[in-house]
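Chemist: structure for the following, please:
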Amino acid sequence: MPRLRLQVAYDGTDFHGWQRQVPPNLPELRTAQGVLTEAVHDLVGVPVPVLGASRTDAGVHARGQVASFSIDHLRIPVDRVAMALNTRLPRDLEVVAVDEVDESFDPVRSCVSKSYSYRLRVADGTRPRGLEGRATPFERRFTTVCRHAIDLARVRAAAGRVIGTHDFRAFAHEPDQRETTVRTVLGCAVTAPESGILRFDVSGSGFLHHMVRILVGTLVEVGRGRMDPSDIDRIIAQRDRSEAGPTMPPEGLCLEWIHYGRQYHFPRP
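Modeler: Sure, this is the predicted structure:
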């Protein structure tokens, strides 16, 4: 039975996250998984489950989400599936690439690492008075606003302290729902790609619910001078959510890529 793997990109603004949601006695919510599943059904002619690698929250975007499904008989060549699905999809979701994988491929369990970015506009004195720290009309769907100046050196010093294998319970929403809150952060880089913009790139073997948004919120507190870079060590050790920074809004967050090793590897966007 052919199993297809899809790389999916979407603007999460108008989706209630990735995972399909059907509330009791209410219409189904618009989700990325739900929209993609309907498009696959229309293409192959039968309902098939479409599994996703990462449960992005409402308002969170993706460039490198990965999904998969199996089908007994595919009516068109694999290299035409992306085009065929995109003609059935809305403009805010696109299948970027499709390939055929082994039946054992699981988008969640086969994952080796993944990476998220977070885009933040900060006050830096370069925009006209009254527009400091405001997103432009072209940024509002994809950029979170911080109306304060941020010390980049302090943020970078703090970011380096989260790298490694730690118990990230303090950086998780509802941590008791997980078997373990230990995760490995492989990289945490903070760059300034343009004036007034900070970009946080966090990669790891996996993440807890809201973990990246809370990490960024904590780094912002360091950049504002409300915490010291060394406080990261204390917060990790205390495992207390109240000690970490706020959960940042979803619009700045984007799932950039998911890596499956050499056997199953899409080029990173």
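Chemist: low-scoring stretches of the stretch 101-250 of the chain, by residue?
Modeler: Low-confidence segments of the stretch 101-250 of the chain (pLDDT under 70): 125-134, 176-178.
Chemist: if we go to 90?
Modeler: 123-140, 147-148, 173-179, 195 (pLDDT under 90).
Chemist: show me the chain divided up by domain.
Modeler: Residue ranges for the domains of the chain, per automatic domain parsing: 3-110, 113-257.
Chemist: turn these into TSV, columns for mean neighbour count.
Modeler: Placement of C-beta: from N, CA and C, glycine included. Compiled in TSV, the domains of the chain are given as follows (neighbours: other Cβ atoms under 10 Å):
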stretch	mean neighbour count
domain 3-110	17
domain 113-257	18
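Chemist: what are the ranges of the helices in the stretch 1-150 of the chain?
Modeler: 32-44, 81-86 (DSSP state H, counting those that start in this stretch).
Chemist: using PDB, write out every CA atom in the longest one.
Modeler: This points to helix 32-44. C-alpha atoms of helix 32-44 as PDB (Å, rounded to 0.1, in the frame of the first residue of the first chain):
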ATOM      1  CA  ALA A  32      -5.200  22.700   8.700                       C
ATOM      2  CA  GLN A  33      -5.600  19.000   9.200                       C
ATOM      3  CA  GLY A  34      -9.300  19.100   8.500                       C
ATOM      4  CA  VAL A  35      -8.900  21.200   5.300                       C
ATOM      5  CA  LEU A  36      -6.000  19.000   4.000                       C
ATOM      6  CA  THR A  37      -8.000  15.800   4.800                       C
ATOM      7  CA  GLU A  38     -10.900  16.900   2.800                       C
ATOM      8  CA  ALA A  39      -8.700  17.800  -0.200                       C
ATOM      9  CA  VAL A  40      -7.100  14.300   0.000                       C
ATOM     10  CA  HIS A  41     -10.500  12.700   0.200                       C
ATOM     11  CA  ASP A  42     -11.600  14.600  -2.900                       C
ATOM     12  CA  LEU A  43      -8.400  13.600  -4.800                       C
ATOM     13  CA  VAL A  44      -8.400   9.800  -4.000                       C
END
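Chemist: tell me what it is packed against?
Modeler: strand 3-10, strand 61-70, helix 81-86, strand 93-101 (3 or more Cβ pairs under 8 Å, 6 or more residues apart in numbering; DSSP states H and E).
Chemist: in CSV: those, plus distance to P249.
Modeler: Converted to CSV, the helices and strands packed on helix 32-44 look like this (distance: least, Cβ to Cβ, whole Å):
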stretch, distance to P249
strand 3-10, 18
strand 61-70, 12
helix 81-86, 29
strand 93-101, 21
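Chemist: between those, which gets nearest to H166?
Modeler: When these are compared for distance to H166 using Cβ to Cβ, the nearest one is strand 61-70, at 24.7 Å.
Chemist: next one: that closest one to chain centre, how far?
Modeler: The chain centre lies 11 Å from the centre of strand 61-70; the measure is Cα atoms, centre = their mean, to the nearest Å.
Chemist: and that strand, what's its mean pLDDT?
Modeler: Strand 61-70 shows an average pLDDT of 97 in the prediction.
Chemist: for that strand, packing partners?
Modeler: When contacts are defined as 3+ Cβ pairs under 8 Å, 6+ apart, strand 61-70 packs onto strand 3-10, helix 32-44, strand 51-52, strand 253-259.
Chemist: for E94, find the nearest of those.
Modeler: Using Cβ to Cβ, the nearest of those to E94 is strand 3-10, at 5.1 Å.
Chemist: which residues sit against the closest one?
Modeler: 32, 36, 52, 61-71, 74, 78, 81-82, 85, 92-103, 105, 107, 264, 266, 269 (Cβ atoms under 8 Å, 6 or more residues apart in numbering).
Chemist: so what are the sheet partners of it and their directions?
Modeler: Looking at strand 3-10 with DSSP bridges, its partner strands are strand 61-70 (antiparallel), strand 93-101 (antiparallel).
Chemist: that'll do, ta.
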